[in-house]
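> What shape does this take:
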Amino acid sequence: MGSDVAICNRALRYLGAPEILSLDQHSREADLCARHYVETRDELLESHHWNFATRYARLAPMESAPPFGYARSYRLPGDCLRVRHLRAGDPFEVVEDRVLYTDATPAEAVLTVRVTDPGRFPALFTEMLARRLASSLAVPLMGNARLEQTMLQRFAAAFDLARMADAAEGAADPDEGNPWLEVR
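Model prediction:
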């Protein structure tokens, strides 16, 4: 099972920096990890429709109607990072204070939610997060812009790999059960 500290230590190892015991530790490494970790994790969760961070939810209606354009207002859950779409395909708008406007009733949404337990992260997401964190720490911790660029390139490769694996999850192997291939 992973932890925030384990992911931060992986990022620090990529940079050749000393590891930490906790995010509360009194060290430059721990301070920078504590400042960058949550923001980086949430950015990456929001960047793709990750299967492990998907929730289907019936949104709670609000008493007040939207000021214009739509018939209904719904409150988004506190852990919602992004609304991907409404089940019925209805148009919607997310506005300030995390309120969703739509004509749908009820509003059943597919959401990307904040996952804070690293034990729920797939291995490739953990790797990608560590790579992105390393790129964020390279300049403030190591003072090395070239190292930052190298870490960004490695992050990009890790992101592509994680995204492809996530997209393939649940999909059938194209070679399995394909009658066209069986004939050959």
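
> mind listing what the closest residue to residue 120 other than its chain neighbours touches?
Leaving aside its sequence neighbours, residue 120 sits nearest to residue 52 (CB to CB, 6 or more residues apart in numbering; 5.9 Å). (C-beta placed from N, C-alpha, C; glycine too.) Contact analysis of residue 52 by CB atoms under 8 Å, 6 or more residues apart in numbering lists 115, 120-122, 125, 166.

> Just the CA trace of the lengthiest helix in the chain, in PDB.
Looking across the chain with DSSP state H, the single longest helix is helix 145-168. This file holds the C-alpha atoms of helix 145-168, laid out as PDB (Å, rounded to 0.1, in the frame of the first residue of the first chain):
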ATOM      1  CA  ALA A 145      16.200  23.800 -14.700                       C
ATOM      2  CA  ARG A 146      17.700  21.200 -17.000                       C
ATOM      3  CA  LEU A 147      16.700  18.500 -14.400                       C
ATOM      4  CA  GLU A 148      13.200  20.000 -14.400                       C
ATOM      5  CA  GLN A 149      13.000  19.500 -18.200                       C
ATOM      6  CA  THR A 150      14.200  16.000 -18.000                       C
ATOM      7  CA  MET A 151      11.700  15.200 -15.300                       C
ATOM      8  CA  LEU A 152       8.900  16.800 -17.400                       C
ATOM      9  CA  GLN A 153       9.800  14.600 -20.300                       C
ATOM     10  CA  ARG A 154       9.700  11.500 -18.100                       C
ATOM     11  CA  PHE A 155       6.400  12.700 -16.600                       C
ATOM     12  CA  ALA A 156       4.900  13.000 -20.100                       C
ATOM     13  CA  ALA A 157       5.900   9.500 -21.000                       C
ATOM     14  CA  ALA A 158       4.500   8.200 -17.700                       C
ATOM     15  CA  PHE A 159       1.300  10.200 -18.200                       C
ATOM     16  CA  ASP A 160       0.800   8.600 -21.600                       C
ATOM     17  CA  LEU A 161       1.400   5.100 -20.300                       C
ATOM     18  CA  ALA A 162      -1.000   5.600 -17.300                       C
ATOM     19  CA  ARG A 163      -3.700   7.100 -19.500                       C
ATOM     20  CA  MET A 164      -3.500   4.300 -22.100                       C
ATOM     21  CA  ALA A 165      -3.600   1.700 -19.400                       C
ATOM     22  CA  ASP A 166      -6.600   3.400 -17.700                       C
ATOM     23  CA  ALA A 167      -8.400   3.700 -21.100                       C
ATOM     24  CA  ALA A 168      -7.900   0.000 -21.800                       C
END
